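> The sequence and its predicted three-dimensional model are supplied below.
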Amino acid sequence: MTFTNRFKLSAMMFLEFFIWGGWFVNLGTYLIKNFKSSGSEVGAAYLTQSIGAIVAPFIIGLIADRFFSAQKILGVLHLLGGLLLWRASTSEGFTAFYPNILIYMILYMPTLALVNSVAFRQMDNPQKQFPPIRVLGTLGWIFAGFLVSWLSWDKLGSEAALVNTFKMSGTASLILGLFSFTLPATPPVKKGQQVSVGDVLGLDAIGLLKNKSYLFFFIASVAICIPLAFYYGFANVFLQDAGVKGSTITQSLGQVSETVFMICIPFFFVRLGVKKMLAIGMSAWVLRYVLFAYGNGDTNYWMLLGGIVLHGICYDFFFVTGQIYTDNLAGEKFKSSAQGFITLATYGVGMLIGSILSGKIYDSNVGSDGSIQWQSIWLVPAGIAAVVLVLFLLLFRDKKHVETQPGVDAEDAEIVL
């Protein structure tokens, strides 16, 4: 891979996640402080991510893979997305704001797969070349958080300034949209081929659920995304209410932690195996929300920081390990469809349920005087994660060989857990 292509792909990843991190972290705070939105409305706004995740496979599988070059579709989606974010910034209430962000997320979520597609197609050694390029995405998210806090847009008492986060991300989206047309050519890989809805949704990998261990993992993956929705929707609102200065950059410590633990995954994976890795990840979810429940911005500030830093273990030990487990079990024939299937179930179904539930739990814990019972709110996702953890430990069998499923080669099925 040439230096020019490496630079372009790195810039692409940086902008891709700068855009998302620029507005998504503060969305709940913006809606509650500026529009006086209810928790259910915040949940509905974050639910757009799930809707986008459900629609994304159709845009990728039925359009991008068959008719148009990935970099051109990426450009068009980001140009339209930039306009939608600017339009969202001019909305005067939730009713006007919601359609813009809904359409935006339907357009944005497919770009997460598109940037990977553009990157992988230029590489001759993805295992070596992809990580240092992909890490620029995490840095982009962190830098967006740094800018929001450095410019004091998330400063306590200046909530109106948060509208600038949408303008900043919208501008970055327009820049990436134009820049995308200069990216290396990535023509459609299935041009002229017939693709079914089942292929698009990865339903041909449903046979993996016949393996009881994978079935329990699959159910746990969906269930653990319910607590995840609480964090996405209300963590920033909580930090601001607790009096944390620079709440956005403080929350970005979670992405720093994610980067560190991502590097450590191979080391832990070999020594701990799948079951212990997944269990540690779920345990971190329980601990994170307990720390949030009993932390505050004064004497127990360390608990808030601890809950944020645990994001690396929460995400990497469960989701990344789960992706590896799924990839190993699926075999060559079903690798792509299996990943699509688990993504649809987690970010689609799991996060959708979590977004609805978190909004209702928030609303039920807001007093008539506007006070918020955060301890009661955070103990709910802690309890859900704890139940999922216990059931997983009881039902997931930690064995050295996995029974062969239809379409799975025996040698591919034999994986050390």
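Okay, I see it.
> tell me the SS of residue 171?
helix (DSSP: H, G, I helix; E, B strand; the rest coil).
> Return the per-residue confidence for the closest residue to it other than its chain neighbours.
With Cβ to Cβ, 6 or more residues apart in numbering as the criterion, residue 171 has its nearest non-adjacent residue at 6.9 Å, and that residue is residue 82. Heads up, the C-betas are built off the backbone N, CA and C, glycines and all. On the pLDDT scale, residue 82 is placed at 97.
> So for residue 68, what's the nearest residue that isn't a sequence neighbour?
Spatially, and ignoring its direct neighbours in sequence, residue 68 is nearest to residue 188 (6.4 Å; Cβ to Cβ, 6+ apart).
> Check the spacing between residue 91 and residue 168 real quick.
Between residue 91 and residue 168 the distance is 16 Å, computed by Cβ to Cβ, to the nearest Å.
> These two: who's more crowded?
Higher neighbour count among residue 91 and residue 168: residue 168, with 21 against 18, using other Cβ atoms under 10 Å.
> wait, what's in contact with the more buried one?
Residue 168 is in contact with 22, 23, 144, 147, 148, counting by Cβ atoms under 8 Å, 6 or more residues apart in numbering.
> where's it relative to residue 153, distance?
Taken as Cβ to Cβ, the span from residue 168 to residue 153 is 9 Å.
> you'd agree the residue nearest to residue 171 is up against residue 179?
No. In this structure, residue 82 is not within contact of residue 179 by Cβ atoms under 8 Å, at 11.7 Å.
> Please compare the two by neighbour count and tell me which comes out ahead.
Legend: neighbour count by other Cβ under 10 Å for residue 82 and residue 179, higher for residue 82 (23 against 17).
> Contacts for the helix or strand hosting the more buried one, please.
In the assignment (DSSP states H and E), residue 82 maps to helix 70-89. Residues outside helix 70-89 that contact it (Cβ under 8 Å, 6+ apart): 19, 23, 59, 63-64, 97, 100-101, 103-104, 107-108, 110-111, 114-115, 117-118, 121, 163-164, 166-167, 169-174, 176-181, 183-186, 188.
> can you check stretch 235-255 too?
21, 25-26, 28-29, 32, 42, 138, 141-142, 145-146, 148-150, 153-156, 292, 295-298, 301, 304-305, 308-312, 372, 374, 377-378.
> Now do the domain split for this structure, please.
Taking automatic domain parsing as the reference, the chain has its domains at 1-183, 198-417.
> For my notes, confirm the residue nearest to residue 68 occurs in a helix.
No. Read with three-state DSSP, residue 188 is coil and lies in no helix.
> Local confidence estimate at it?
For residue 188, the model assigns a pLDDT of 71.
> now do the one 5 residues further on
Reported pLDDT at residue 193 in the predicted model: 59.
> With residue 308 as the reference, measure out to residue 287.
Computed as Cβ to Cβ, the residue 287 to residue 308 distance reads 12 Å.
> Between those two, which has more neighbouring residues?
Shown here are residue 287 and residue 308; by other Cβ under 10 Å, residue 308 has more neighbours (25 against 18).
> now that one, what's its secondary structure?
Applying three-state DSSP: residue 308 is helix.
> Can you check the pLDDT for residue 369?
At residue 369, pLDDT is 84.
> For residue 372, what are phi and psi?
The phi and psi values for residue 372, taken as degrees, to the nearest 10, are phi -120, psi 130.
> what bridges to it?
residue 366 (DSSP bridges).
> Quick check: nearest residue in space to residue 355, chain neighbours excluded?
In space, residue 355 is closest to residue 47, 4.0 Å off (Cβ to Cβ, 6+ apart).
> tally of neighbours for that neighbour?
Residue 47: 23 surrounding residues under other Cβ under 10 Å.
> Kindly report the same for residue 359.
By other Cβ under 10 Å, neighbour count at residue 359 equals 26.
> One more: residue 87?
So residue 87, with other Cβ under 10 Å, has 18 neighbours.
> and if you look at residue 93?
Other residues near residue 93 number 11, with proximity taken as other Cβ under 10 Å.
> same check, this time on the one 10 residues further on
Each residue near residue 103 was counted by other Cβ under 10 Å, and the total is 18.
> List the residues that contact it.
Counting by Cβ under 8 Å, 6+ apart, residue 103 has contacts residue 84.
> Okay, and it sits in which element?
Residue 103 is part of helix 94-120, with elements assigned from DSSP H and E.
> Determine which of the domains of the chain shows the lowest mean per-residue pLDDT.
Sorting these by mean pLDDT places domain 198-417 lowest, at a mean of 82.
> what's the distance between that domain and the middle of its chain?
10 Å (Cα atoms, centre = their mean, to the nearest Å).
> so which strand or helix has the residue nearest to residue 351 when sequence neighbours are not counted?
Closest residue in space to residue 351, ignoring its immediate chain neighbours: residue 50 at 4.5 Å, by Cβ to Cβ, 6+ apart. Using DSSP H and E, residue 50 maps to helix 39-59.
> In contact with the residue nearest the centre of the chain: list those residues for me.
The chain has residue 347 as the residue nearest its centroid, 7.3 Å off, counting by Cα atoms, centre = their mean. Going by Cβ under 8 Å, 6+ apart, residue 347 touches 49, 50, 53, 225.
> so how far is residue 47 from it?
Noted for residue 347: a distance of 11 Å to residue 47, by Cβ to Cβ.
> before we move on, what about residue 233?
9 Å.
> Give the residues shared as contacts by the two.
residue 355.
> now the helix holding residue 103 against helix 39-59, angle please.
Relative orientation of helix 94-120 and helix 39-59, computed by axes from the mean of the first three to the mean of the last three Cα atoms, to 10 degrees: 40 degrees.
> got the buried residues for helix 94-120?
Within helix 94-120, the residues scored as buried using 16 or more other Cβ atoms under 10 Å are 94, 97-98, 100-119.
> wait, doesn't residue 284 sit right on residue 314?
Yes. Between residue 284 and residue 314 there is a contact under Cβ under 8 Å: 4.6 Å.
> the more surrounded of the two?
Counted by other Cβ under 10 Å, residue 284 and residue 314 do not tie: residue 314 has more neighbours, with 30 against 24.
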